[in-house]
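1. here are the coordinates; sequence isn't available:
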């Protein structure tokens, strides 16, 4: 169980060595957002939150705790949709998600009722990924990529999938425009959300409930590592048909 102040790079490095693996250049670590948030002390008790009038209004519409909604508003740039059971926002980091990524599941507080504790996303997931990359490089001497992921819904599909919310060295987008297919046709619009594809694959291994596997070691990623950040994956508002 990860606690505030824990050295995630050291914990991950130790765990990989204990499996009998050696680190190699271009290895990637995919991390559940939850352990990063816990290490960064993003745990909040709802009893410490005073809801604003707007949070009370949205709490009534969604039938959610107004204190929870207050945290959602604080973590958001804009509220996009509100209905019973759901509040969809643009998170302050730019991506769209439900509840600003704030979660009750697998959250254990140091005191009081467990239902009163929630976990916020990292303050800056890209910066968190870069710090982990640098820490792992210092420990291993290897070029390591890092992806921090969360579970998001999608506007046109049911269910949640793992998506990248913070990346370091792992390409967000891979531009395949101009690449020839099997029959010589040159692709015109294809851009692959490579970090999200990797996030979804890793999420299958992590699970969503009591699996207790918050980190996945990846080898053989088919695209070259390079400096990057999440902005590559954020669709501009003028191109977003759902705004």
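-> It's in. Owing to the predicted nature of the structure, the values given are computational and were not obtained by experimental measurement. Numbering: from 1, shown residues only.

2. switch to C-alpha atoms for all contacts and neighbour counts from now on
-> Will do.

3. pull the distance from the one helix or strand residue 164 maps to to the chain's centre.
-> Counting by DSSP states H and E, the element that carries residue 164 is strand 157-168. Averaged C-alpha coordinates place strand 157-168 at 6 Å from its chain's average position (Cα atoms, centre = their mean, to the nearest Å).

4. just checking, what packs against the helix or strand following it?
-> With elements assigned by DSSP H and E, the helix or strand that comes after strand 157-168 is strand 174-175. With contacts taken as 3 or more Cα pairs under 8 Å, 6 or more residues apart in numbering; DSSP states H and E, strand 174-175 sits against strand 191-192.

5. next SSE downstream of the strand it packs on?
-> helix 194-206.

6. identify the residues contacting that next one?
-> With Cα atoms under 8 Å, 6 or more residues apart in numbering as the test, helix 194-206 has contacts from 30, 32, 147, 149, 161-164, 167, 170-174, 212-216.

7. just the buried ones from the residues you listed, in PyMOL syntax?
-> Applying 16 or more other Cα atoms under 10 Å to those, the buried members can be selected in PyMOL as follows:
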select buried, resi 30+32+147+149+161+162+163+164+167+170+171+172+173+214+215+216
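
8. residue ranges with poor pLDDT in this structure?
-> 112 (pLDDT under 70).

9. how is it carved up into domains?
-> With automatic domain parsing as the criterion, the domains of the chain are listed as 1-36+123-234, 43-120.

10. how distant is the shortest one from the center of its chain?
-> Okay, so that is domain 43-120. 17 Å.

11. and for the longest one?
-> Domain 1-36+123-234 has its C-alpha centroid displaced from the chain centroid by 9 Å (Cα atoms, centre = their mean).

12. end-to-end on that domain?
-> The first and last residues of domain 1-36+123-234 sit 32 Å apart, counting by Cα to Cα, to the nearest Å.

13. and if you look at the shortest one?
-> Distance between the boundary residues of domain 43-120 (Cα to Cα) amounts to 7 Å.

14. next, format the domains of the chain as CSV and append distance to residue 241.
-> Conversion of the domains of the chain to CSV gives the following (distance: least, Cα to Cα, whole Å):
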stretch, distance to residue 241
domain 1-36+123-234, 10
domain 43-120, 13
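
15. which stretch among those domains comes nearest residue 243?
-> Among these, the nearest to residue 243 by Cα to Cα is domain 43-120 (7.5 Å).

16. which one is residue 39 nearest to, not counting chain neighbours?
-> Sequence neighbours aside, residue 4 is the residue nearest to residue 39 in space, at 4.1 Å (criterion: Cα to Cα, 6 or more residues apart in numbering).

17. quick one: the strands in the chain?
-> For the chain, the strands defined by DSSP state E cover 27-32, 43-45, 76-83, 86-91, 96-98, 117-119, 144-154, 157-168, 174-175, 191-192, 215-218.

18. what is the last one packed up against?
-> Pointing back at strand 215-218 there. strand 27-32, helix 194-206.

19. 10 Å instead, please
-> helix 8-18, strand 27-32, strand 144-154, helix 194-206 (3 or more Cα pairs under 10 Å, 6 or more residues apart in numbering; DSSP states H and E).

20. what strands line up against it, and which way round?
-> Sheet pairing for strand 215-218, assigned by DSSP bridges, gives strand 27-32 (antiparallel).

21. and the angle from the strand it pairs with to strand 157-168?
-> Using axes from the mean of the first three to the mean of the last three Cα atoms, to 10 degrees, the interaxial angle of strand 27-32 with respect to strand 157-168 works out to 130 degrees.
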